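Need the 3D shape of this:
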Amino acid sequence: MPINPQILLDNRPTAEATLGNFKLVTLETPPLQDGQVLVRHHFLSLDPYMRGRMNDAKNYTAPQPLGRVMGGGTVGEVVESRSPLFSPGELVVGMGGWQTYSVVDAAIPGALRKVDTRHVPLPYYLGAVGMPGVTAWYGLLKIIEPLPGQTLVVSAATGAVGSAFAALAKTRGCRVVGIAGGPAKCQYATDELGFDVCIDYKQHADTEALSSALKFACPDGIDGYFENVGGMVLDAVMLQMNAFGRIALCGMIARYEGKPLPMNNPALLLTSRLKMQGFIVTEHLDLWPEALQELTMLVATGKLRPRESVAQGLAAAPDAFLGLLKGKNFGKQLVKLI
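Okay, the predicted model is just below:
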């Protein structure tokens, strides 16, 4: 059986995550049992939610176990199969984790899904046509419920979720405003992703300044907001929300280092009659086929052109992940393993 480099969670962060929390080991993959397949990963996905799982704290999913391979999405090729469901050479997406190979029980629902690369590049199945894209689709359609002509805002606008959100919202006739960090990301948002406006939050020192910029960019107010960040950004947006506005709460990257994030003006939820709803996209697997069909069409027709940041080699994963948490990535953060 092949040698399998893996990255484990060696210890939990006490504050900010560091390279010392991870450990690189090399093991031999175990022989396949009946019903199992061996997958050679080509790309590994790095996502902000992984930081929350590093803590031993209440969350929507169990903490990442110590001494075990870091969990995460992967795309790759079946190299050996003892299952009638998959054959060697087929390309698949799954949750193989931070390792070169994974042994998968193929009969488990959702453990592996075959993918077609004739119109969609393989790594896109970890981003635009994967979990991040479906996340954008669900938050937009099932929580924000946009109408043509409405103004929508999304934070982390140039990431995998934000870029898909823009494409989906524009096809529904909405005005879309992004919030991102740095002039290069904002220019990419307007020039390539189709945002009407993008605000560089780094140019605004506090909630009031950012809210003023949003007021200028959204003269008719904000009807829907897709939240990926929290903190000052959420406070600034809420000040400009229209009555009966909807907020899809997807992520709180500003608090992933364990710091509390108080909301400055919670009374706005009442006075503006806002709806704020958190969601976990993996709890809505029945809707994934519909979402993936639309996302595939957007990519195939060139209406969704996401950018990727690609780190080379498994050993680069921890450093790339820490950079993601600080906004150093440009678009979807991947690790290329082959």
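
which stretches of the chain form helices?
For the chain, the helices defined by DSSP state H occupy 49-53, 131-138, 160-170, 183-191, 207-217, 232-238, 268-271, 288-300, 317-325.

what helices or strands is the fifth one leaning on?
Think helix 207-217. For helix 207-217, the packing partners by 3 or more CB pairs under 8 Å, 6 or more residues apart in numbering; DSSP states H and E come out as strand 175-180, strand 197-200, helix 232-238. For the C-beta atoms, the positions are set from N, CA and C on the backbone; glycine is no exception.

which one of the helices of the chain lies closest to residue 25?
Closest approach to residue 25 among these is made by helix 317-325 (13.1 Å; CB to CB).

What residues sit buried inside the closest one?
For helix 317-325, burial by neighbour count (16 or more other CB atoms under 10 Å) applies to 317-318, 320-325.

just stretch 15-23 next, same as before
Quick answer for stretch 15-23 (16+ other CB under 10 Å): 17, 21-23.

re earlier: lowest mean pLDDT across the helices of the chain, which one is that?
Of all the helices of the chain, the minimum mean pLDDT falls on helix 49-53 (a mean of 89).

for that one, packing partners?
Judged by 3+ CB pairs under 8 Å, 6+ apart, helix 49-53 is in contact with helix 317-325.

Relative to the whole chain's centre, how far out is the lowest-mean-pLDDT helix or strand in the chain?
When the helices and strands of the chain are scored by mean pLDDT, DSSP states H and E, helix 49-53 comes last with a mean of 89. The chain centroid and the centroid of helix 49-53 are separated by 11 Å, computed with CA atoms, centre = their mean, to the nearest Å.

Then stretch 271-283?
Worked out by CA atoms, centre = their mean, stretch 271-283 lies 17 Å from the chain centre.

mind exporting it as CSV, just the C-alpha atoms?
Output of stretch 271-283 as CSV, limited to C-alpha atoms (Å, rounded to 0.1, in the frame of the first residue of the first chain):
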residue,chain,number,x,y,z
THR,A,271,-36.7,48.5,15.5
SER,A,272,-35.9,47.5,11.9
ARG,A,273,-37.8,44.2,12.2
LEU,A,274,-34.8,42.3,10.8
LYS,A,275,-34.6,38.6,10.2
MET,A,276,-31.1,37.1,11.1
GLN,A,277,-30.8,33.4,10.6
GLY,A,278,-27.7,31.2,11.0
PHE,A,279,-27.4,28.1,8.9
ILE,A,280,-25.1,25.1,8.3
VAL,A,281,-25.2,24.1,4.6
THR,A,282,-24.5,20.4,5.3
GLU,A,283,-27.8,20.2,7.1
